[in-house]
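> Predicted model and sequence follow; I will ask about them next.
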Amino acid sequence: MTELGPSAWLAPIAEIFDDVGVAWTLVGALAANRYRATARFTTDVDTMADFHPDLARQLEAHGYDVDVIADDGEAPHLIRARRGAEAVDVLLAVVEYQRVALDRAVDHCLTVEDVIIHKLIAWRLRDRDDVRSILDAGVPLDMTYLLRWITEWDLAERWQEFAWMLPE
């Protein structure tokens, strides 16, 4: 029996990214699960990649329904790809921080610091739970890097919710 679900959906997407020749990384729950104390369920695959004009065409060629999202007059910042039950979002690296995070990724997964920053930006309940679980796991953090981007994105107030969890 074939495995169904987001983890199984990643392989064909990774192949498309590699065929197109774009740098890419996991973001979202699948990235957070690499660092969490306990894994959590997710219903999609969230990735980040460099923009390439062939990416949307290649996704369509592989049977995905593709929606390229851009603000008026701006380059695309998101590609939503759907194929049956498969749901894949490709956040396109358009700002400096995204490019830095993409460059820092290891084995196509955001570093723990970048997962935390993404979660602080998103700030939904599940994102806060991801940060709590990551800190519970005791994964070592590069605090200089983390605090640099927390300051840059004006996330200090959100980060304070978790300060009590950090070792002194």
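That came through, no problem. Computed from a predicted structure; not experimentally measured. Numbering: from 1, shown residues only.

> can you give me the strands for this structure?
Per DSSP state E, the chain carries strands over the ranges 24-27, 45-49, 65-69, 78-83, 86-92.

> residues making contact with the least confident helix or strand in the chain by mean pLDDT?
Least confident helix or strand of the chain, by mean pLDDT, DSSP states H and E, is helix 6-20 with a mean of 91. Outside helix 6-20, the residues within contact range by C-beta atoms under 8 Å, 6 or more residues apart in numbering are 2, 24, 26, 29-30, 42-45, 47, 49, 52, 54-55, 58-59, 62, 81, 86-88, 108. Just so you know, the C-beta spots here come from the backbone N, C-alpha and C atoms, and that holds for glycine as well.

> now the strands of the chain as CSV including mean neighbour count, distance to I117 and mean pLDDT?
Output for the strands of the chain, formatted as CSV (neighbours: other C-beta atoms under 10 Å; distance: least, C-beta to C-beta, whole Å; pLDDT from 0 to 100):
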stretch, mean neighbour count, distance to I117, mean pLDDT
strand 24-27, 24, 10, 97
strand 45-49, 23, 12, 97
strand 65-69, 14, 22, 97
strand 78-83, 18, 18, 96
strand 86-92, 21, 13, 96
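
> which outside residues touch stretch 93-108?
Stretch 93-108 is contacted by residues 14, 23-26, 48-51, 75, 77, 91-92, 110-111, 114, 117-118, 149, 152-153 when judged by C-beta under 8 Å, 6+ apart.

> If we use 7 Å, what do you get?
14, 23-26, 48-50, 75, 77, 110-111, 114, 149, 152 (C-beta atoms under 7 Å, 6 or more residues apart in numbering).

> W149 versus W24, what's the distance?
Distance, W24 to W149, using C-beta to C-beta, to the nearest Å: 20 Å.

> Also A29?
With distances taken as C-beta to C-beta, A29 is found 20 Å from W149.

> With T38 instead?
Separation of T38 from W149 (C-beta to C-beta) stands at 26 Å.

> Tell me what the residue nearest the centre of the chain is bridged to.
The centre of the chain sits closest to V27, judged by C-alpha atoms, centre = their mean, with a distance of 1.5 Å. As for beta bridges, V27 partners with D46 under DSSP bridges.

> Right, I'll call it a day here.
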